[in-house]
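Asker: how does the following fold in three dimensions:
(one chain, ligands or ions: 1)
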Amino acid sequence: MSAPWWKTAVVYQIYPRSFLDTDGDGVGDLEGIRRRLDHLVWLGVDAVWLSPVFRSPMKDHGYDVADYCDVDPLFGTLADLDRLIADAHARGLKVLFDWVPNHTSDQHPWFVESRRSRTSPKRDWYYWRDPAPDGGPPNDWKAAFPAGIDAWTLDAATGQYYLHQFLPEQPDLNWDNPDVVRAMHDVLRFWLDRSVDGFRIDVAHGIGKDPALPNEKPEWRGIPHVAVNEQPSTHVQLRAIRRLTDGYPGDRVLVGEIFQLFTHAHDRYFGENDELHLAFDLPASVATPWEAPAWRDRIARVAARLDPIHAWPTWVLSNHDTPRHRSRFGSEAKARAAAVLLLTLRGTPFLYAGEELGLEDAEIPPDRRVDPGHRDGCRAPIPWDSSSTHGWPTPDPWLPWPPQAEARNAERLLADDTSILHLYRRLLSTRRSSSALRTGALTLHDDTPDGVVAYDRHDQQERWTILINFTSQLVAYAASGTITIASDAEGERQRYSGVIGPDQALLLRR
Ligand code: NOJ
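Answerer: Okay, the predicted model is just below:
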């Protein structure tokens with residue numbers, strides 16, 4: 001049986017606010033994404049994941065949803081979204097939506113109704129509790145941001161607290177209430193019926209709560225509750241969501257965001273192949289430093305944990321919640337080497353829009369900061385060309401441009417076939433045409449020099465060797481093959497000489 005599409009795909013995450021504006025309000029929109037679909041086809045990705053575009057007061061830039069079944073006017077209309085899906089499908093691109101099941105906006109009609117009175121028919125759609133005897137919150141859970149705040153807010157009108165693992169404007173839904181389950185399943189059906197190919201599930205590990213709502217274990221006190229929340233009821237819910245999704249044709253996919261401090265729990269979210277298809281292992285993905293031992297260890301551990309349970313890994317270096325890896329790793333040379341790693345590992349890679357341009361985080365002056373979670377830098381707008389507005393209709397979008405946008409933009413890099421943009425394209429096209437790189441085995445080399453990670457990808461047809469030099473010195477390492485791709489575009493199509501350049505990564509055809 002051939003692999004489902006999501007095992008061989010490369011997914012490209014779009015943060016819609018920052019991709020491309022077309023109506024001049026300084027915020028990206030659906031039409032902007034539609035106009036650049038050909039960039040994605042040229043690049044060679046297989047699927048796009050859109051961060052939320054639904055109606056929202058934008059306290060958390062769309063992760064506070066006020067209507068799951070309509071598009072926020074900032075981004076366009078439902079018709080624009082339908083057109084985008086159709087145009088993407090016409091180009092062979094799959095489309096994943098971001099579904100936020102853990103919480104709604106406090107402006108969602110469900111919460112507005114729930115808040116109205118203690119006897120509201122929707123009271124139990126959220127977590128409402130009386131104050132503790134001292135008048136404080138019902139337990140000591142902390143929210144994820146702003147840093148240090150309680151996960152409970154007192155509603156003066158009804159004298160009870162409600163739970164929010166994120167902002168006070170993001171009340172947690174009560175998934176133990178079957179009406180909530182039904183309503184959220186309807187949301188999934190609404191989009192599956194409109195041909196969405198799957199969902200990235202926000203905070204997938206957060207939806208079930210311990211019904212007793214106990215205080216945090218002493219060792220976890222002060223840590224955001226969402227980072228340690230792990231409940232059997234979440235798995236019950238995910239199985240039901242999987243059954244619903246599997247009822248649709250076309251291998252619709254569920255990709256869960258799992259952001260737990262204890263990484264071991266991540267593997268439970270595949271269930272018996274009846275929960276998530278794919279899961280992000282955050283924060284391990286974004287916390288692994290650019291050092292050979294750390295990556296060697298991580299690659300070996302992922303295989304040791306996931307292979308026995310037949311789960312398929314995901315790989316991600318950057319997203320909208322964390323500084324870009326180009327900024328974290330410190331140079332373009334390292335970001336190029338990281339691209340070779342990301343696109344030759346065994347599993348499904350996720351790219352974050354702009355990494356193919358080698359973008360760094362923007363410097364955000366204090367008066368331009370807009371995110372309560374301090375994540376503005378990696379959300380800077382994408383510069384498309386060298387003009388003063390970089391292809392946007394206005395020179396001054398919602399966030400400042402990333403550094404060197406006059407040189408580091410899609411148009412400029414397109415014109416230079418040694419650029420990082422062309423490196424991504426070569427990697428994607430080589431991966432697409434190689435069964436070994438898409439689904440073959442991965443064998444780590446033993447006894448590599450300190451600063452090197454080396455592995456083979458192989459199946460019955462082909463064998464590739466990947467060499468990654470994490471150091472800024474030349475390193476000698478014996479291997480054989482022809483250089484198909486070099487991260488710095490040096491020496492391609494020549495025999496490998498036995499030496500890996502500083503910060504260089506090589507893909508050798510055996
Ligand atoms: C994870 C999302 O990636 C992040 O941007 C958001 O703030 C939280 N979940 C809450 O929805």
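Asker: which residues touch the residue lying closest to Asp46 once chain neighbours are set aside?
Answerer: Leaving aside its chain neighbours, Asp46 sits nearest to Ala9 (3.7 Å; criterion: C-beta to C-beta, 6 or more residues apart in numbering). The way it works is simple: take the backbone N, C-alpha and C, and place the C-beta from them, glycine included. By C-beta atoms under 8 Å, 6 or more residues apart in numbering, Ala9 lies in contact with 45-47, 94, 348.
Asker: distance between the strand or helix carrying Ser429 and the chain's centre?
Answerer: If you go by DSSP states H and E, Ser429 is part of helix 420-432. Centroid separation for helix 420-432 versus its chain: 20 Å, with C-alpha atoms, centre = their mean, to the nearest Å.
Asker: how about that helix: buried residues?
Answerer: By neighbour count with 16 or more other C-beta atoms under 10 Å, helix 420-432 contains the buried residues 420-428, 430-431.
Asker: pull the residues that contact it.
Answerer: In contact with helix 420-432 (C-beta under 8 Å, 6+ apart) are residues 10, 42-46, 332, 335-336, 339-340, 343-344, 351, 355-358, 410, 413-414, 416, 437-438, 484-485, 487, 489, 507.
Asker: helix or strand right after it?
Answerer: helix 435-439.
Asker: what's that next one packed up against?
Answerer: Contacts defined by 3 or more C-beta pairs under 8 Å, 6 or more residues apart in numbering; DSSP states H and E place helix 435-439 against helix 5-8, helix 420-432, strand 452-458, strand 463-469.
Asker: alpha carbons only: can I get it in CSV?
Answerer: Only the C-alpha atoms of helix 435-439 are listed here, as CSV (Å, rounded to 0.1, in the frame of the first residue of the first chain):
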residue,chain,number,x,y,z
SER,A,435,11.5,7.4,-2.7
ALA,A,436,14.5,6.9,-0.3
LEU,A,437,14.4,10.5,0.9
ARG,A,438,10.6,10.5,1.3
THR,A,439,10.0,7.2,2.9
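Asker: I'd like the mean pLDDT over the very next helix or strand once past it, please.
Answerer: Counting by DSSP H and E, the next helix or strand C-terminal to helix 435-439 is strand 441-444. Strand 441-444 shows a mean pLDDT of 98.
Asker: counting by contacts, list what strand 441-444 packs against.
Answerer: Here strand 441-444 touches helix 292-306, strand 452-458, going by 3+ C-beta pairs under 8 Å, 6+ apart.
Asker: residues of the stretch 301-450 of the chain that sit close to the ligand?
Answerer: Counting by C-beta under 6 Å from any ligand atom, the residues of the stretch 301-450 of the chain close to the ligand are 320-321, 373.
Asker: can you mark which positions in the lowest-mean-pLDDT helix or strand in the chain are buried?
Answerer: None of the helices or strands of the chain scores lower by mean pLDDT, DSSP states H and E than helix 284-287, at a mean of 84. Neighbour counts using 16+ other C-beta under 10 Å place 284-286 of helix 284-287 among the buried residues.
Asker: kindly report the same for stretch 208-217.
Answerer: By neighbour count on 16+ other C-beta under 10 Å, the buried set for stretch 208-217 is 208-209, 216.
Asker: run through who's touching that stretch.
Answerer: By C-beta under 8 Å, 6+ apart, stretch 208-217 touches 127, 129, 138-142, 163, 172, 175-176, 221-223, 225, 228-229, 231-237.
Asker: returning to what we had before: now, of the helices and strands packed on strand 441-444, which is deepest in the fold?
Answerer: strand 452-458 (a mean of 22; mean count of other C-beta atoms under 10 Å).
Asker: what segments of the stretch 251-400 of the chain are strands?
Answerer: Using DSSP state E, counting those that start in this stretch, the strands assigned to the stretch 251-400 of the chain run over residues 253-259, 278-282, 314-316, 348-352.
Asker: angle of the last one against strand 278-282?
Answerer: Put plainly, it is strand 348-352. 60 degrees (axes from the mean of the first three to the mean of the last three C-alpha atoms, to 10 degrees).
Asker: do the same with the first one
Answerer: Relative orientation of strand 253-259 with respect to strand 278-282: 20 degrees, computed using the same axes, to 10 degrees.
Asker: can you give me the strands in the stretch 51-200 of the chain?
Answerer: Using DSSP E, counting those that start in this stretch, the strands found in the stretch 51-200 of the chain span residues 54-55, 67-71, 94-99, 128-129, 152-155, 160-163, 198-201.
Asker: from the chain's centre, how far out does stretch 323-337 sit?
Answerer: Worked out by C-alpha atoms, centre = their mean, stretch 323-337 lies 17 Å from the chain centre.
Asker: what of stretch 191-206?
Answerer: Relative to its parent chain, stretch 191-206 has a centroid offset of 13 Å by C-alpha atoms, centre = their mean.
Asker: does any bit of that stretch sit next to the ligand?
Answerer: Yes. Under the criterion of C-beta under 6 Å from any ligand atom, the ligand is reached by stretch 191-206 at 202-203.
Asker: and the residue of the stretch 251-400 of the chain found nearest the ligand, how many neighbours?
Answerer: Nearest residue of the stretch 251-400 of the chain to the ligand (C-beta to the nearest ligand atom) works out as Asp321 at 4.8 Å. The local packing of Asp321 (other C-beta atoms under 10 Å) involves 18 other residues.
Asker: residue contacts, it?
Answerer: By C-beta under 8 Å, 6+ apart, Asp321 lies in contact with 282, 286, 373, 375, 378.
Asker: show the buried residues in these.
Answerer: Neighbour-count burial (16+ other C-beta under 10 Å) applied to these gives 282, 286, 375, 378.
Asker: okay, the last one: pLDDT?
Answerer: With respect to pLDDT, Cys378 has a value of 98.
Asker: got the contact list for the residue of the stretch 1-150 of the chain found nearest the ligand?
Answerer: Across the stretch 1-150 of the chain, the shortest distance to the ligand (C-beta to the nearest ligand atom) belongs to Tyr63, at 3.4 Å. Tyr63 makes contacts with 51-52, 56, 98, 100, 166, 170, 202, as judged by C-beta under 8 Å, 6+ apart.
Asker: Arg296 against Ala454, yeah?
Answerer: No. Here Arg296 lies out of contact with Ala454, judged by C-beta atoms under 8 Å, at a distance of 9.1 Å.
Asker: what do those two both touch?
Answerer: Residues touching both Arg296 and Ala454 by C-beta under 8 Å, 6+ apart: 444, 448.
Asker: before we move on, the earlier item: any chance of the contacts of Ala9 in TSV with neighbour count and pLDDT as columns?
Answerer: Output for the contacts of Ala9, formatted as TSV (neighbours: other C-beta atoms under 10 Å; pLDDT from 0 to 100):
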residue	neighbour count	pLDDT
Val45	24	98
Asp46	19	98
Ala47	24	98
Lys94	24	98
Thr348	24	98
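Asker: mind putting the buried residues of stretch 208-217 in TSV, distance to the ligand and secondary structure included?
Answerer: Conversion of the buried residues of stretch 208-217 to TSV gives the following (distance: C-beta to the nearest ligand atom, whole Å; DSSP: H, G, I helix; E, B strand; the rest coil):
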residue	distance to the ligand	secondary structure
Gly208	16	coil
Lys209	16	coil
Glu216	19	coil
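Asker: name the residue closest to the centre of the protein, please.
Answerer: Asn319 (5.1 Å; C-alpha atoms, centre = their mean).
Asker: can you report how many residues neighbour the closest residue to that one other than its chain neighbours?
Answerer: Once flanking residues are discounted, Asn319 sits nearest to Tyr352: 5.1 Å by C-beta to C-beta, 6+ apart. If you count neighbours by other C-beta under 10 Å, Tyr352 ends up with 23.
Asker: go on, the one 3 residues further on?
Answerer: Counted with other C-beta under 10 Å, the burial measure for Glu355 works out to 24 neighbours.
Asker: the one 3 residues further on now?
Answerer: Here the neighbour count serves as a burial measure; for Gly358 (other C-beta under 10 Å) it reads 24.
Asker: surely it is in contact with Ala335?
Answerer: Yes. Using C-beta under 8 Å, Gly358 is in contact with Ala335, at 5.3 Å.
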